[in-house]
Structure formats: structure tokens, C-alpha cells
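Colleague: From the sequence below, what's the structure:
(2 chains)
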Amino acid sequence: MDEQMKTTCLHGEHIALGAKMSPFAGFDMPIQYSSITDEHLAVRGKAGVFDVSHMGEVFVSGPDAERFVNHIFTNDVRGMEKGKILYGMMLYPDGGTVDDLLVYRELSDEVKYLLVVNASNIEKDYKWMLDNASGFDVKILNDSDNWGQVAVQGPESEKVLAEVLGIDASDLSFYTFKEGVWNGARMIVSRTGYTGEDGFEIYTSPDGTVDIWRKLIAAGVAPCGLGCRDTLRFEAGLPLYGDELSESISPVMAGLGMFCKLDKEEFIGRDALAKQKAEGVARKLVGIEIHDRAIPRAGYPVETPDGVEVGVVTTGYHSISLDRSICFALVDSASSALGTPLQIRIRKKTFPGEVVKKRFYQTNYKK
Amino acid sequence: MSKIVEGLLYSESHEWVKVDGDVAIIGVTDFAQAEMGDITYVDLPSEDDEVGQGEDFGALESVKASSDLYSPVSGTVVAVNEELEDAPEKINEDAFGSWIIKVRMSDKSELESLLNAAAYEQIAK
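Modeller: As a prediction, this is how the structure comes out:
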């Protein structure tokens, strides 16, 4: 292992379980424990647990907290109820994406937030927040190193939390959270996830996270690696920063305009997005299905039936739950309508297919 | 510990070769299938395709990655194992029992550049 590589509080647990490890976002992370397929199916059918301690936790407080978060975030946090969560992005002025993130409105009377950001972007995001905080009376704390996080995902998640951890989460609806204490430390439990299934994310101290992980594994909950995290989120039509969102891919291009509230007075990137919405964008993210078992992988060219290159695959799999060869691709807007025939070049051959809906899998959230 | 079969020849890119007269029967090793994980697709060449030593003739796809297949010898493809199109998992189940292509060799001296079981064992770790 590279000495520069970071580890999560659960690293020793992964090694003990014999996980196949690989670098991800600067962390040495488990890709799989048994097989990606088995872990994927455990989450779709029962429940699985993921180490997501590498994610970043940034706390924003102070008199201008609401105004500041609304300045850097595309969704609208004004008047958010305590215990609610919103998904959205931080943007550059040109509409490119700094990161996608969750904003938790804390339970306190004082208006404060927890911002949960991608592991690969923690330092960049934190700096972005500090650089854009002038004129706002806020305190911004990157507390990522003091928090561990596990995601329990799958239709049996609520039961697992109750029976294994003694956490009653039956009163939580999708995108809400509650708090508790685990081993004397603060714990946040939210009904959120990245799999398309019902599930929860549990944030607490690194020590508490190890304790929770061990209890779940001892109870027979399947440990799940980043391999199936990607196949699951992909089937559910969820973007991954770096693939479907990036400095050069705006939320409008990615089809995530619904999380950008252009009716807000202002936020960084608002004008660029408004222009993109009004005038259209050159490229859009679409789903493509090909009629073969061959697998469209990131970087493979997308062509019209007469061989003109019009885009590139961003993520693709032979879908485990659907048994279809599908991908996300960024294509010229003229080729983005549902049903448009397109072909994908895979090594020396081309495979015909067409544009399909990006949400490949019918999600099962508990609304 | 992955399995290695005595009496076969091996490439450094983890293919095995069984020599049957002028024909090389080619598959991938147990080490290769274990590294790949669940194989979901095998991209096969066509019969009569010409292949060169060290050139790619197809690919294996697992859930996560694709891995090119390299021909250990030069020659003409005389048979492809079409059974693998519908049952790619057979390579995971029995890598040495699942041949992928048969090649009529154009230069049998190329076999001398391949590894024996003991030499291959040193790199399949």
C-alpha cells in the first residue's frame, strides 16, 4: 500500500474480512468481499452494509449560515425544517460542478447545517467554501477526520437497524434524519443512500463506527464494497462525481436541473445555468441500451448508425439486476432524444442500441 | 492459491496453451479468472481470423473491468468455444477445462518462447 494512501476507521475490518482492496479518492478502500454480483443482490434483496467513512463532513454555523449555504448550493435551504435533508450541487460561476452533496438542516433551534461531500473533493470543497465566505458571518468546520460512516442499504434495513443496533428508524421518511448517542458520541441516522433501495446512513465517531460495523457483520449483514456501490447507484440512475458530473459537466447537462432552484435570488453559477436552460446545452447525459451482452465501458465512443462520433460513455455495465447492457453517455443534444438509434464502439466492433431512460431500475425509496 | 496444470505452456499475459499437433488450444489460467472475478461476457473472434503472437484476439468482461485476451501463438483460428457466449461463468468454474479458441499454428517455434508450469507459477502470485 502506498504510504500516502489514507485509510478509514474500518480499514482493519476490511483486511480481516479478506476484502479485495483498491485506491479510491485517495483512500485504500474495499472493492469487494465475496463478489460484486453477490453483494449487489444482497442489497437488492435483503440488506448490506458499506463503509462510507471516506465521505467528508463539513459543518456550517453562524448568523449567516442559511444565506451562505444558499449562496454556494443549487437547491434552496430557506425555511428548511429541522431534520430535513436536501440534495444539490456547488457550482463554479460558469455552471461547471464543484461537487454534489447533501445538506442536513440540524435539529437545533439555531440554523446550522451538515454538508456531506464526496471523499475525492473534501479539500477542494472546503477551500471553495472558505474562499466564498467573505461577507458572510459563518463558521465552517471540516470535521471529516472525526466521523466514521456506514450505509445500511436494502429492503430489510429498517429491521436490521432495530434488531441489530436497537435503533428505531421507523419514523424517518426518505431524506430526513434523527440523532442519538452511540458509545457516548453523537450519532446521526438518516434515511438516505446511493443504491436505489430503502436504507440508512449512520454517522458517528470512528470508534463507534467500528463497533456498529462489527455488530452488523456478526449479525450476518453482508459487507458490501465499492464495486457494487457503483453498480447499484448506476442502475438507480444516480450520478458519480468525476463521471457524470465534473468541472465541465453542469447539472443541466447531467439532467439534474430539478435540484437547481433558479427562482432563488442568487447562487454561484445561477446565471450560467439559467443561460444553459434557456439556450440549451451542447451535450446531454443519456442512457443507452445495446442489444448484446458486450459491455459499454467509460471512454468508449458513441456513434450515429452511420459512424459519426457524437459522444462518449461515462459509466456502463451489464446490469446485474436487469440483465441488460446499459450505460450513461454524454452525447450531442441532437442525439439525446429517447429512442434515438446510436451505436457504441467496443474494441474492434460496433454494437447498435438506442437512447433509453437513465433511471434503469425502479427505485424503492420509503417516501 | 490458484491452480496450475503441469504439461501446459503459459504466456505472461495468463493464457494457457495445450499443443495438439499443429493446433494450439488456448484458454486463460485459474489465476486470471480469480483476478477478474465473475466473468459476464466473452468477446470471441471468428473462425478463419488470423492472429499474431501477442496480439489481442478478444476480451473477457467481468462486472467491473474488461481484460484483453492475447494469443500466445500466430496462426489461423480454426475453432471458437461458442458455449462460452451463453455461459461465460464456465471460465470461473473451470478455467483449465474451458478452452476459448483453437489456433492452427503458422510457426511452431513460437512455443519455445512460452513458459512451463514451474516458470508460470513464479509470476502467477
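Colleague: From the rest of the structure, what touches the helix or strand hosting A:I344?
Modeller: When secondary structure is defined by DSSP states H and E, A:I344 falls within strand A:341-346. Under the criterion C-beta atoms under 8 Å, 6 or more residues apart in numbering or on different chains, residues A:288, A:290, A:294-297, A:300-305, A:307, A:310-311, A:313, A:327, A:329, A:331, A:335, A:350-355, B:43 lie in contact with strand A:341-346. C-beta coordinates here come from the backbone N, C-alpha and C atoms, glycine included.
Colleague: ok, and for it, which residues are buried?
Modeller: A:342-346 (16 or more other C-beta atoms under 10 Å in any protein chain shown).
Colleague: CSV for those residues, including pLDDT?
Modeller: Putting those into CSV (pLDDT from 0 to 100) gives the following:
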residue, pLDDT
A:L342, 98
A:Q343, 98
A:I344, 98
A:R345, 97
A:I346, 94
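Colleague: now, which of these sits nearest chain B?
Modeller: A:I346 (7.7 Å; C-beta to the nearest C-beta).
Colleague: so which helix or strand takes in A:I15?
Modeller: In this structure, A:I15 sits in helix A:11-16 according to DSSP H and E.
Colleague: Can you mark which positions in that helix are buried?
Modeller: So helix A:11-16, judged by 16+ other C-beta under 10 Å, has buried residues A:11, A:13-14.
Colleague: still on that earlier bit, partner strands of the strand holding A:I344, with direction?
Modeller: strand A:301-303 (antiparallel), strand A:349-356 (antiparallel) (DSSP bridges).
Colleague: Output the last one as CSV, nothing but the C-alphas.
Modeller: Okay, so that is strand A:349-356. C-alpha atoms of strand A:349-356 as CSV (Å, rounded to 0.1, in the frame of the first residue of the first chain):
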residue,chain,number,x,y,z
LYS,A,349,-16.8,-3.9,-33.2
THR,A,350,-19.8,-1.6,-33.0
PHE,A,351,-23.0,-2.6,-31.2
PRO,A,352,-26.3,-1.0,-32.1
GLY,A,353,-28.7,0.4,-29.5
GLU,A,354,-30.8,3.4,-28.6
VAL,A,355,-31.3,6.1,-26.1
VAL,A,356,-33.4,4.9,-23.1
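Colleague: Return the set of buried residues in that strand.
Modeller: For strand A:349-356, by 16+ other C-beta under 10 Å, it's A:350-351, A:353-356.
Colleague: cool, and stretch B:23-38?
Modeller: Buried, per 16+ other C-beta under 10 Å, within stretch B:23-38: B:23-33, B:35-38.
Colleague: near chain A, from those?
Modeller: B:37-38 (C-beta under 8 Å from any C-beta of the partner chain).
Colleague: quick one on the thing from earlier: could you pick out the buried ones from the contacts of strand A:341-346?
Modeller: Applying 16+ other C-beta under 10 Å to the contacts of strand A:341-346 flags A:288, A:290, A:294-297, A:300-304, A:310-311, A:313, A:327, A:329, A:331, A:335, A:350-351, A:353-355, B:43 as buried.
Colleague: Now the helix ranked longest in chain A: average pLDDT?
Modeller: Looking across chain A with DSSP state H, the single longest helix is helix A:206-218. For helix A:206-218, mean pLDDT is 98.
Colleague: Partner strands of whatever helix or strand comes next after that helix, with direction?
Modeller: Elements were assigned by DSSP H and E; along the chain past helix A:206-218, the next helix or strand is strand A:222-224. Here strand A:222-224 is paired, per DSSP bridges, with strand A:48-51 (parallel).
Colleague: now the partner strand, how far from the centre of its chain.
Modeller: 14 Å (C-alpha atoms, centre = their mean, to the nearest Å).
Colleague: List the neighbouring strands of the helix or strand just after that strand plus their orientation.
Modeller: Sequence-wise, the next helix or strand downstream of strand A:48-51 (DSSP H and E) is strand A:56-61. Its sheet considered, strand A:56-61 pairs with strand A:113-117 (antiparallel), strand A:139-142 (antiparallel) by DSSP bridges.
Colleague: Any chance you could list what contacts the last one?
Modeller: In other words, strand A:139-142. A:56-62, A:122, A:126, A:129-130, A:133.
Colleague: Buried by neighbour count, from these: which ones?
Modeller: Buried among the contacts of strand A:139-142 by 16+ other C-beta under 10 Å: A:56-62, A:122, A:126, A:129, A:133.
Colleague: Spell out the residue ranges of the strands in chain B.
Modeller: B:9-10, B:15-20, B:23-28, B:39-43, B:50-51, B:56-62, B:66-70, B:75-80, B:101-105 (DSSP state E).
Colleague: I'd like to know which of those is closest to A:M90.
Modeller: strand B:66-70 (33.8 Å; C-beta to C-beta).
Colleague: Could you dump the contacts of strand A:139-142 into JSON lines with distance to A:E39 and pLDDT added?
Modeller: Putting those into JSON lines (distance: C-beta to C-beta, whole Å; pLDDT from 0 to 100) gives the following:
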{"residue": "A:G56", "distance to A:E39": "24", "pLDDT": "98"}
{"residue": "A:E57", "distance to A:E39": "25", "pLDDT": "98"}
{"residue": "A:V58", "distance to A:E39": "29", "pLDDT": "98"}
{"residue": "A:F59", "distance to A:E39": "32", "pLDDT": "98"}
{"residue": "A:V60", "distance to A:E39": "34", "pLDDT": "98"}
{"residue": "A:S61", "distance to A:E39": "38", "pLDDT": "98"}
{"residue": "A:G62", "distance to A:E39": "42", "pLDDT": "98"}
{"residue": "A:I122", "distance to A:E39": "26", "pLDDT": "98"}
{"residue": "A:Y126", "distance to A:E39": "31", "pLDDT": "98"}
{"residue": "A:M129", "distance to A:E39": "34", "pLDDT": "98"}
{"residue": "A:L130", "distance to A:E39": "38", "pLDDT": "98"}
{"residue": "A:A133", "distance to A:E39": "40", "pLDDT": "98"}
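Colleague: Tell me which two in those residues are the farthest apart.
Modeller: A:G62 and A:I122 (20.6 Å).
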